[in-house]
Structures are given as C-alpha cells and as structure tokens.
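Colleague: Got a predicted structure plus its sequence, pasted below:
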Amino acid sequence: MSQAADTVATIIPAMRYRDALKMIDWLCDAFGFEKHAVHADGDTVMHAQLTFGNGMIMLGSADNASEWGRQIVQPDEIGMRETQSACVVVKDIDMHYARAKAAGAEIVMDIADRDHGDRGYACRDPEGHLWWFGNYDPWKA
C-alpha cells in the first residue's frame, strides 16, 4: 500500500538562502520559477514556495533560527559541495540554458547530449546551490 499523499507532487526539495528574498526573484528570473507563496518577516523569509510546472521547491532564510534551519549548512561552508540537488525537467533546454547563463548562473557542466538520450546542464545559483536542468522525462516509457 502506498504511503504517498494524493497531491500534485509528493517530493519537494527544500533549501535555505542567506538572502532569500533576493534569491526568490533570481530563481524566478533565471530559471523560470513562479512565486506560489512567500511568508517573510522583514528580510527573513520564514517559508516560500516556488513552482515550476507541477513541481515545487520550498525555501527559507538561512539565518532563520528554527529547529529545521539549524540542521542545514550552505555550500560555501562545506567547500561548495552538496549532498542533494534538484533535477528539473524542462521543455526547451537550450533556451533555458541561455536564460540561466544570461542571468549569471555558474555553469559547472556545460550543456550537452548525454549517453542515455537526454540533453542537459548543471549550474550553481549565486549562493552556490547546485542544479541540474535537462529534457529527460523519466515518466515517459
């Protein structure tokens, strides 16, 4: 029996940013996310939800002293490494790549066709979080 909730997406990456308000705008401009909800107290984002198609990320301010926030470090605190990253499926990967690059995303793996039939690239946002964008759709047979 499945334990998954009957909802649009059951796995939602969560991230923390030092300047979350600025990064919300950057993620929307550079990657095409849309604001779904932003709950802030001054410059501190307590909780935000950004959507991309039927996917979503949640984020908040790194300086939020919550119990959850104390469990997370920023990439620059651990040698720009990540233990998780978001993989985002896009329709027009070449256009998305050009948009992200123009917005200043640091390309860490240039756009290319991959062995398993997709085309994609990896980049970092201005606060160092790692992202993978590609046109591989794992839901198609």
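Modeller: On my side now, so go ahead. Numbering: from 1, shown residues only.
Colleague: what about Ala40, helix or strand, and which?
Modeller: Secondary structure assignment for Ala40, by DSSP states H and E: strand 34-41.
Colleague: Report the buried residues of that strand.
Modeller: By neighbour count on 16 or more other Cβ atoms under 10 Å, the buried set for strand 34-41 is empty. Just so you know, the C-beta spots here come from the backbone N, C-alpha and C atoms, and that holds for glycine as well.
Colleague: Give me the sheet partners of it and which way each runs.
Modeller: Here strand 34-41 is paired, per DSSP bridges, with strand 44-52 (antiparallel).
Colleague: Please export the C-alpha coordinates of the partner strand as PDB.
Modeller: The C-alpha trace of strand 44-52 is given here as PDB (Å, rounded to 0.1, in the frame of the first residue of the first chain):
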ATOM      1  CA  THR A  44      13.800  37.000   6.800                       C
ATOM      2  CA  VAL A  45      11.800  34.500   4.700                       C
ATOM      3  CA  MET A  46      10.100  32.100   7.100                       C
ATOM      4  CA  HIS A  47       8.800  30.000   4.300                       C
ATOM      5  CA  ALA A  48       8.400  30.300   0.500                       C
ATOM      6  CA  GLN A  49       7.000  28.100  -2.200                       C
ATOM      7  CA  LEU A  50       8.100  28.400  -5.800                       C
ATOM      8  CA  THR A  51       6.600  26.400  -8.600                       C
ATOM      9  CA  PHE A  52       7.800  25.100 -11.900                       C
END
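Colleague: Run the chain-centre distance for the strand holding Ala40.
Modeller: Mean-position distance between strand 34-41 and its chain equals 15 Å (Cα atoms, centre = their mean, to the nearest Å).
Colleague: How about the secondary structure of Cys123?
Modeller: Following DSSP: H, G, I helix; E, B strand; the rest coil, the label given to Cys123 is strand.
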